[in-house]
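Q: here is a sequence together with a model predicted from it:
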Amino acid sequence: MDVKLIEKLINIVDKSGVNEIEVEEKELKIRITKKPEQIISESTSPQFFQMPIPQGQQNFQQPVASMPSQTTNEQTAIEKPVETKVKPSNLIDITAPMVGTFYESPSPDAGPYVKVGDKISKGQVLCIIEAMKLMNEIESEISGTLVEINAKNAQPVEYGFVMFKVEPDA
């Protein structure tokens, strides 16, 4: 096979849409394969640009000191600190041991098992969780005062959901 013929084959493959050519003569076999072009992609991470603010819109918010004065009552109301209740850090969470529907009472006509502020004892029924048509009574594992009820009656609860917060007895 002639070198010029090989060069012609290379040019044919290069200029045409063909990716591979194979020629066989007697005991000589030539295969010319064109590698697909590598596509270089740019980073797909988001790029952030800071947009310039148009000239007329730069002072869209006035500083607090330059705002018109307010009446004395409004100023004292604003300056008075907001009082917040600090919850004790020793509260114990009572969580849902299963997925199901939370019920606060044994029947729709009956009152709830417990209310916020109630003293509860170990083993006392706090609620019912219905799971797969079975009513499961959830009992307290500690004695103390019920501080918070997070579950709503006849609403679903997930496993691990904090249903109650209890301040344990000392």
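A: Perfect, I can see it now.
Q: burial count for N11?
A: Counted with other CB atoms under 10 Å, the neighbours of N11 add up to 10. Where you see a C-beta, it was placed from the backbone N, CA and C, and this is true even at glycine.
Q: ok, it - contacts?
A: With contact set as CB atoms under 8 Å, 6 or more residues apart in numbering, N11 has no partners.
Q: same check, this time on E22
A: Counting by CB under 8 Å, 6+ apart, E22 has contacts K29, I30, R31, I32.
Q: among the residues you listed, find me the one that's closest to I10.
A: The nearest member of these to I10, counting by CB to CB, is I32 at 5.9 Å.
Q: sorry, back to before: neighbour-wise, which one of the contacts of E22 leads?
A: Most neighbours among these, by other CB under 10 Å: I32, with 16 neighbours.
Q: of the contacts of E22, which belong to strands?
A: Among those, DSSP state E puts K29, I30, R31, I32 in strands.
Q: pipe these into CSV and attach distance to P108 and pLDDT per row.
A: Formatted as CSV, the ones in strands among the contacts of E22 follow (distance: CB to CB, whole Å; pLDDT from 0 to 100):
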residue, distance to P108, pLDDT
K29, 88, 81
I30, 88, 80
R31, 82, 81
I32, 84, 79
